[in-house]
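In: Here is my input, please return the structure:
(2 chains)
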Amino acid sequence: MNIFAPIGRAVLNYLAQIGRLAVFTLDSVTACFRPPIYWNLIVQQIMRIGFFSLPVVGLTAFFTGGALALQIYIGAARYGAEAFVPVVVLVGITRELGPVIAGLMVAGRVAAAIAAELGTMRVTEQIDALTTLATNPIKYLVVPRLIAAVISMPILVAVADSIGVFGGYVASTQSLGFTGAIYLKNTIDNVTYHDVSSGLIKAAVFGFIIALMGSFNGFNSKGGAQGVGAATTNAVVSASILILAANFLLTNLLFTD
Amino acid sequence: MARISSTAKVELRGVKKRFGDKVVLDGVDLTIQPGSSLVVIGGSGTGKSVMIKCVLGILRPDAGEIFVDGKDVTRLRGGARDAFQRKFGMLFQGAALFDSLPVWENVAFGLIQGRGVKRRKARDIAIEKLAKVGLGAEVGQLWPAELSGGMQKRVGLARAMAADPEIIFFDEPTTGLDPIMADVINNLIVDTVKGTGTTTLSITHDLVSARKIADRIAMLYAGKIIWEGPTADIDNSGNPYVDQFIHGREEGPIHMEVRG
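Out: Predicted structure coming up:
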């Protein structure tokens, strides 16, 4: 038994998978710009991906904002810089935690749902059936989800930003002795266009990653229930990792002041 | 082999397909005349489905050509592929109904999405097609999950026929049905397709079904068509493989690979 054979096979499989993903991404993106575009499906997916994620994203943003304020206070107090809590909460939420927390929550919720739905359609031959009915499966299934996710995520993150800052406000006024009016004035005086927009651009990229990984894993699922389960897991894990990696890259490349 | 047969509706020439190390199709040659019904028989896992998916363009053959109406369609892509897809209808083994859509929309799907027919008109056509397979208009309001296996097959048949395609593929049309329901489906296939000028290609291992719906029968074994002839000749084909298969004997030239 050659010990290099399994290693080589794993590397080849990995490279083949990257190649498949690249082709799939290219096909999907070009399909976004070629008619027909299924507008009603896009609206339906915006409801599923965006609207129904609001409670999850809102709650996590609120608690994250609150915890962030408490932690920053501890650090800032060491230098007598408690007054900076509102600004740091603002920057932390809008630039970083809003998009990342929302991205990870939506990855768990939506990438899984997309992979499970498309994976089941794959193993029950529904995707092949689309082809036989003169309908391109990428256009009918993937494009609406991609477009909906790219539109929904910035809106979700805008909501998450507001609620996250509000979470910081509640924690600061309730436990840290801040005056509400001063906290708000500090926040509003310091909010910059760049803080918010950088987070929203990240959000759109994360939305793309979520829908792409959900669709790709669903489309390529094999076997029966087990294959769909594996596709769902892979979708969530790969979307989450890619979101964190893309977050680092985007922060590094584009959003340093 | 390089003969040009301009009359064939569908022609496969030396079609090969492999998955990894496993050779599934090893040079399939097959011709289907317009308006005829060809049934391909063969054991489970002999590549019958793969062959149909190659013709449909769902899978791409590694070698060989596929002609539809004398035109090489093997490597069509994009808009040209979509246009040629409209000639086809297919009944899938598990019916493959879209469970997110009610029954009538499943039947009307190819009309609405693939051909831009207005919903109201497509709905009328769908109800008419459902009636042809013996289902009432009220079934159109149900969801696919609410139907029995036999009803799903009938809806699948209605969907395959909805756009009046030139060629219909049947993938194991009777598998998983009781003998009576299988006969109902066979009769429906014969009644709804025969005489309409539609060309059909079916794959099955159900010989009762094959004898009923086929004009000609071909047998696929080890990636090749090993016998082809009129349905009446199947019992005296003189081919030991065909004989073994149609009589369902374990002994003979075909060795079942029992391992996965």
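In: Would you map the strands across the stretch 151-260 of chain B?
Out: Using DSSP state E, counting those that start in this stretch, the strands of the stretch 151-260 of chain B run over residues B:167-171, B:199-204, B:216-221, B:224-230.
In: Mean pLDDT added to these, as TSV?
Out: Formatted as TSV, the strands of the stretch 151-260 of chain B follow (pLDDT from 0 to 100):
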stretch	mean pLDDT
strand B:167-171	90
strand B:199-204	89
strand B:216-221	89
strand B:224-230	87
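In: Quick check: pLDDT value at residue 12.
Out: Went with chain A since none was named. pLDDT, A:L12: 89.
In: Wait, chain B was what I had in mind.
Out: 87.
In: Also A:G65?
Out: pLDDT, A:G65: 93.
In: Leaving out sequence neighbours, find the closest residue to it.
Out: A:G167 (2.8 Å; CB to CB, 6 or more residues apart in numbering or on different chains). The way it works is simple: take the backbone N, C-alpha and C, and place the C-beta from them, glycine included.
In: List the residues that contact that neighbour.
Out: A:61-69 (CB atoms under 8 Å, 6 or more residues apart in numbering or on different chains).
In: And the strands in chain A?
Out: Counting by DSSP state E, chain A has no strands to list.
In: quick one: low-confidence parts of it?
Out: Scanning chain A for pLDDT under 70 picks out A:1, A:255-257.
In: what about 80?
Out: Applying pLDDT under 80 to chain A flags residues A:1, A:254-257.
In: Would you mind naming what in it lies close to chain B?
Out: For chain A, the contact set with chain B under CB under 8 Å from any CB of the partner chain comprises A:121, A:124-126, A:128-129, A:131-136, A:140.
In: Filter these down to the buried ones.
Out: A:121, A:124-126, A:128-129, A:131-136, A:140 (16 or more other CB atoms under 10 Å in any protein chain shown).
In: what's the closest of those residues to B:I246?
Out: Closest approach between these and B:I246, by CB to CB: A:E125, at 27.8 Å.
In: For the residue in the stretch 51-200 of chain A that chain B sits nearest to, grab phi and psi.
Out: When distances are taken as CB to the nearest CB, the stretch 51-200 of chain A reaches nearest to chain B at A:A134, 3.0 Å away. Phi and psi for A:A134, reported as degrees, to the nearest 10, are phi 60, psi 30.
In: what's the answer for B:L38, then?
Out: phi -110, psi 130.
In: Give the bridge partners for it, please.
Out: In this structure, B:L38 bridges to B:L201, B:R216 when assessed by DSSP bridges.
In: Tell me how far B:V139 lies from B:I127.
Out: Plainly put, B:V139 is 9 Å away from B:I127 if you go by CB to CB, to the nearest Å.
In: swap in B:F170?
Out: 23 Å.
In: out of the two, which sits in the busier spot?
Out: Between B:F170 and B:I127, counting by other CB atoms under 10 Å in any protein chain shown, B:F170 is the more crowded of the two (29 against 21).
In: ok, the more buried one - contacts?
Out: By CB under 8 Å, 6+ apart, the contact list for B:F170 reads B:90-91, B:160, B:189, B:200-204, B:213.
In: so who does the residue nearest to the spatial centre of chain A touch?
Out: Nearest to the mean C-alpha position of chain A, counting by CA atoms, centre = their mean, stands A:G103 at 2.7 Å. Under the criterion of CB under 8 Å, 6+ apart, the contact list for A:G103 reads A:153, A:202-203, A:206-207, A:209-210, A:243, A:247.
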